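**Q** give me coordinates for this.
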Amino acid sequence: MCVIAQFFLKSGYALNMAFRPITKLDLQKPFCDCVVRDESSIFIEMCVIAHYVAFRGCIVVTFNLPTTQQRRIMPYPKYDPNAPIENRFLAALPPEELDCILPKLEEVELEFGDKIYERGGEIDYVYFPTGSLFSLLAVGPDELTLEMGVVGREGMAGYPVFIEDSISDFRVIVLGSGKAKRMTTADFVFESKRNETLRQMMLQFGRLRFAQASLASACHRFHGVEKRLVRWLLMTSDRLQNSEIPVTNTFLSYILGLSPKEATDAVDILKKRELVRYSKDRFEIIDRPNLLAAACNCYTLIRNEENSYPVPV
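**A** I've put the predicted structure just below:
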């Protein structure tokens with residue numbers, strides 16, 4: 001919770017927390033009652049996390065949502081498709097800020113399975129994908145993992161640096177091979193302090209990242225394996241802009257928090273419904289309309305959050 005609280009305090013949003021014992025009523029409350037669907041949807045992740053904690057532990061966290069008038073009004077960055085960089089996050093920066101950052105970027109080629117960060121490890125560089133795709137994995141006891149989000153050209157990896165924390169909260173693995181730009185942590189901290197639009201972009205990206213992670217947590221808790229796999233396929237396909245998704249069965253089990261056999265069984269269900277093909281460690285979506293129809297509402301909620309983000313996802 002401390003990282004989330006830091007994000008909201010840094011954003012200038014009002015944040016009030018109250019802790020109380022869990023009750024039977026809390027456990028009976030359906031998930032959909034917890035989701036904020038109005039203009040305060042920036043706090044959707046808080047509400048979902050609160051009830052996820054309720055199901056996992058012994059407390060419920062409640063938040064008093066501020067009105068629009070109570071929030072800080074942020075300048076809205078504008079994505080420029082003609083910017084001299086393929087990463088859309090950086091392409092939303094004004095030319096004067098981008099010109100400060102470009103000389104400090106180094107291009108790297110990344111391969112499927114490369115480890116960018118280890119959970120609890122030092123962040124030496126922040127990464128801006130230009131053709132690659134990253135998977136953010138939560139790591140639990142006995143090295144059990146669960147994917148909390150994916151990052152492509154719309155974002156960056158190394159967010160804790162922005163809130164003055166050099167330790168990674170996720171294991172970050174390359175999901176899609178390709179290129180990325182990277183910058184030293186020291187350079188990024190310096191640029192984020194002196195460039196206002198970059199700061200605002202980081203706040204917007206933080207909001208999207210928390211929404212992804214909290215809704216992914218809720219999806220893993222409340223939905224079956226098949227729907228979780230469908231949501232992942234759609235989210236990954238959106239970012240790759242491709243109906244083909246390379247992933248091994250072993251890595252798929254890491255993403256979904258399953259055994260390899262359970263992951264195989266889930267894939268077989270979609271294959272029998274003729275929604276996907278899977279062979280040689282590669283998915284191919286062959287019926288996207290019906291795959292969308294098979295998705296849980298979590299995918300729609302995540303897409304709604306992404307649609308409010310300043311750059312295309």
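**Q** give me the neighbour count for the closest residue to Asp238 other than its chain neighbours.
**A** In space, and not counting its chain neighbours, Asp238 is closest to Val313: 6.4 Å by C-beta to C-beta, 6 or more residues apart in numbering. To be clear about C-beta, it is placed using only N, CA and C from the backbone, and glycine gets the same treatment. For Val313, the neighbour count with other C-beta atoms under 10 Å is 19.
**Q** Val313 contacts Thr236, doesn't it?
**A** No - taking contacts as C-beta atoms under 8 Å, Val313 lies outside contact range of Thr236: 11.7 Å.
**Q** residues in contact with the residue lying closest to Lys78 once chain neighbours are set aside?
**A** Spatial nearest neighbour of Lys78, chain neighbours left out: Ala92 (6.3 Å); criterion: C-beta to C-beta, 6+ apart. Contact analysis of Ala92 by C-beta atoms under 8 Å, 6 or more residues apart in numbering lists 77-80, 197, 201, 310-311.
**Q** nearest to Phe251, of those?
**A** Set against Phe251, the nearest of those by C-beta to C-beta is Val311 (27.1 Å).
**Q** any idea how far that closest one lies from Leu258?
**A** Distance, Val311 to Leu258, by C-beta to C-beta, to the nearest Å: 32 Å.
**Q** now do the SS call for Ile245.
**A** Following DSSP: H, G, I helix; E, B strand; the rest coil, Ile245 is assigned to strand.
**Q** show the backbone phi and psi for the residue nearest to it when sequence neighbours are not counted.
**A** Nearest residue to Ile245 in three dimensions, chain neighbours excluded: Phe283, at 4.2 Å (C-beta to C-beta, 6+ apart). Per-residue torsions, Phe283: phi -90, psi 150 (degrees, to the nearest 10).
**Q** neighbour count for Val311 and Leu258, which is higher?
**A** Higher neighbour count among Val311 and Leu258: Val311, with 23 against 19, using other C-beta under 10 Å.
**Q** would you double-check that that one falls in a strand?
**A** No - assessed with three-state DSSP, Val311 is coil; it does not lie in a strand.
**Q** how many neighbouring residues does the nearest residue to Arg288 once chain neighbours are set aside have?
**A** In space, and not counting its chain neighbours, Arg288 is closest to Ser243: 7.1 Å by C-beta to C-beta, 6+ apart. Neighbour count of Ser243, defined by other C-beta under 10 Å: 15.
**Q** ok, Glu191 to Arg199 distance?
**A** In this structure, Glu191 and Arg199 are 10 Å apart, going by C-beta to C-beta.
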